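Colleague: Can you look at this prediction? I've put the sequence above it.
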Amino acid sequence: MSLRVLLLGDIVGKPGREILTEKLAGLRESRNIAFCIANAENASGGSGLTRENAAEVFNAGADVITLGDHVWKRKEIAGLMQSDSRILRPQNYSPLASGTGVGIYNLPTGEKIAVMNFLGRVFMKPADCPFRGADQALRQVAPHTRNIFVEIHAEATAEKIALGWHLDGRATCVYGTHTHVATADERVLPEGTAYITDIGMTGPHDGVLGRRKDRVIKATLTQMPFSFDVSKGDVRITGAIVTFDPASGKAEAIERIQISRDETP
């Protein structure tokens, strides 16, 4: 029997959290979603994640929260990651950092699923190699499950694509986050790994990557500092749905999704 996992792109601010509260339960029911992974590193005021906002995302219907380069913008998240294994920071940060980037969870059908979170290195903050980190993490979860979802939170498309090929046949899905712009290259690679370079952004699209366009334009024109407040209009959920065989861990299909506030899932 095939199962479906829903991948949600970077949740931005209050608008992103609100549309999840309004739409995610219906989306899960209508598309028969077994598990939901949501990147929430921008969920609190556009940068970082608070304890309260993490609870809001979980209550909306996410099973696991992943983070990225803004993971430490809200210091309280360090303690929460120590106590809640459903929140993952990039695995290729220092092993001395709070939390972990690899988790194994139960699916409703009794099978297990592994989720991994890595940070890219091209045009990003310093981190250990995500390729070697993924190899090590795969060895860690191999005795427990073949169902493995790998998120690469990265700027460079080439780095994401290379990781997809590197893990083809060894992971169920490799998908990218961070750029907030969904790419149109979703496919199942030859050895059975679903791949997409970026799953986009859940939040306000009437702006620049979820921020007020007037502030971003002023900063660009003047080279002066402006506060990049979260935008409010044209709120959408974006992401992808992966269909896979839990017995083999192989992907069968990957589909981009986009839902606006006035749509019924």
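Modeller: Arrived safely, thanks for sending.

Colleague: drop to CA atoms for contacts and neighbour counts, all remaining ones
Modeller: Fine.

Colleague: Quick check: A25 touching A60?
Modeller: Yes - counting by Cα atoms under 8 Å, A25 touches A60, with 6.8 Å between them.

Colleague: need the contact list for the residue nearest the centre of the chain.
Modeller: Taking Cα atoms, centre = their mean as the criterion, N39 is the residue nearest the geometric centre of the chain, at 3.4 Å. By Cα atoms under 8 Å, 6 or more residues apart in numbering, N39 lies in contact with L8, G9, D10, I11, I65, T66, L67, T177.

Colleague: how close does the second one get to S227?
Modeller: Here G9 is placed at a distance of 23 Å from S227 (Cα to Cα, to the nearest Å).

Colleague: The two: who's more crowded?
Modeller: The neighbour count for G9 versus S227, taken as other Cα atoms under 10 Å, is higher for G9 (30 against 10).

Colleague: Retrieve the pLDDT associated with the more buried one.
Modeller: Per-residue pLDDT puts G9 at 91.

Colleague: now, which of the contacts of N39 sits nearest R74?
Modeller: Using Cα to Cα, L67 is the member of the contacts of N39 that lies nearest R74, at 11.8 Å.

Colleague: which residue sits closest to the closest one, ignoring its sequence neighbours?
Modeller: E41 (4.6 Å; Cα to Cα, 6 or more residues apart in numbering).

Colleague: The one you found contacts W72, doesn't it?
Modeller: No - taking contacts as Cα under 8 Å, E41 lies outside contact range of W72: 9.2 Å.

Colleague: Give the residues shared as contacts by the two.
Modeller: Shared contacts of E41 and W72 (Cα under 8 Å, 6+ apart): G48.

Colleague: Look up which residues are beta-bridged to I237.
Modeller: I259 (DSSP bridges).

Colleague: got the buried residues for the lengthiest helix in the chain?
Modeller: For the chain, the longest helix by residue count, based on DSSP state H, is helix 13-30. For helix 13-30, a neighbour-count test (16 or more other Cα atoms under 10 Å) marks 13-21, 23-25, 27-28 as buried.

Colleague: and which of those is nearest T202?
Modeller: For those, the nearest to T202 is G16 (5.3 Å; Cα to Cα).

Colleague: That closest one: what's its closest spatial neighbour, skipping adjacent residues?
Modeller: Nearest residue to G16 in three dimensions, chain neighbours excluded: G203, at 3.8 Å (Cα to Cα, 6+ apart).
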